[in-house]
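> Sequence plus predicted model, see below.
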Amino acid sequence: MKSEQSREAWNKGKLVGQTPPLRPKDVWAIRIYLQNAHAVRDLALFNLAIDSKLRGCDLVSLRVRDVTHGNQILPRAQVIQRKTQRPVQFELTESTRNAVGAWLEKAALRSEQYLFPSRLSASPHLSTRQYARMIRRWAGAAGLDPTAYGTHSMRRTKATLIYKRTENLRAVQLLLGHSKIESTIRYLGIEVDDALEISEQTEI
């Protein structure tokens with residue numbers, strides 16, 4: 001239990017998945033902030049986090065070869081999730097491909113290298129703690145409460161928007177890499193009333 005508590009201390013006791021997703025206007029505010037700051041790495045990381053919907057541990061451990069083929073940034077990629085050991089696919093939109101391409105050009109990274117190397121000698125790639133601190137900084141720059149947002153906010157952002165627009169739980173389940181639909185329901189915070197409303201709209 002002690003090891004679990006120490007591992008979760010950075011999240012201040014919040015339940016995983018309970019941090020709110022970003023709203024579209026918040027996403028754009030952060031993108032503009034990063035572009036104006038010429039934060040090439042951070043913009044690539046932010047855009048890729050939104051598109052991939054990956055857990056923080058999977059995002060920071062991506063290698064260049066996971067999202068590229070030769071000199072091209074892939075429009076779709078697939079990785080094995082560390083938590084479940086199940087594959088999950090994700091898309092890279094044009095803006096994300098451009099941001100990742102700009103970062104690769106600046107950092108001159110090789111195929112086998114980590115996409116987001118750590119600037120600390122003790123770690124080969126960006127840690128989830130570093131990533132979480134960056135998210136809080138981004139949130140603050142967008143005028144949000146930095147303490148309210150975390151790595152799962154990034155994972156939930158596009159998934160929540162897709163669900164609101166389509167009400168397709170199965171699609172969101174696949175995109176998040178959940179093995180059970182119940183996990184997706186809990187993760188999105190769907191209430192019983194929401195589920196009943198969807199059911200009422202479905203006639204047999």
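Noted; the coordinates are in hand.

> So Gln89 versus Arg155, what's the distance?
15 Å (C-beta to C-beta, to the nearest Å). Quick note: C-beta positions are derived from backbone N, CA and C, even for glycine.

> more crowded one of these two?
Counted by other C-beta atoms under 10 Å, Gln89 and Arg155 do not tie: Arg155 has more neighbours, with 25 against 12.

> buried set for the biggest helix by length in the chain?
The helix that spans the most residues within the chain, counting by DSSP state H, is helix 151-166. Neighbour counts over helix 151-166 (16 or more other C-beta atoms under 10 Å) mark 151-163 as buried.

> Helices along the chain, start to end?
Under DSSP H, the chain gives helices at 2-8, 24-36, 40-52, 56-60, 64-67, 94-107, 128-141, 151-166, 169-176, 181-188, 192-200.

> could you give the mean pLDDT of the last one?
When the per-residue pLDDT values of helix 192-200 are averaged, the result is 61.

> just the longest one next, same as before
Along helix 151-166, the predicted local confidence has a mean pLDDT of 90.

> how about the spatially closest residue to Trp138 that is not a sequence neighbour, what does it touch?
Among residues not flanking Trp138 along the chain, Ile30 sits closest, at 4.8 Å (C-beta to C-beta, 6 or more residues apart in numbering). Contacts for Ile30 (C-beta atoms under 8 Å, 6 or more residues apart in numbering) come out as 22, 46, 138-139, 141-142.

> Flag the shaky bits of this protein, pLDDT-wise.
1-18, 121-122, 190-204 (pLDDT under 70).

> let's go with 80 and repeat that
1-18, 120-123, 187, 189-204 (pLDDT under 80).

> Tell me what Ile73 is bridged to.
Beta-bridge pairing for Ile73 (DSSP bridges): Thr68.

> That one - how many residues pack around it?
18.

> I'd say it and Leu92 touch.
Yes. With contact defined as C-beta atoms under 8 Å, Ile73 counts as touching Leu92 (6.3 Å).
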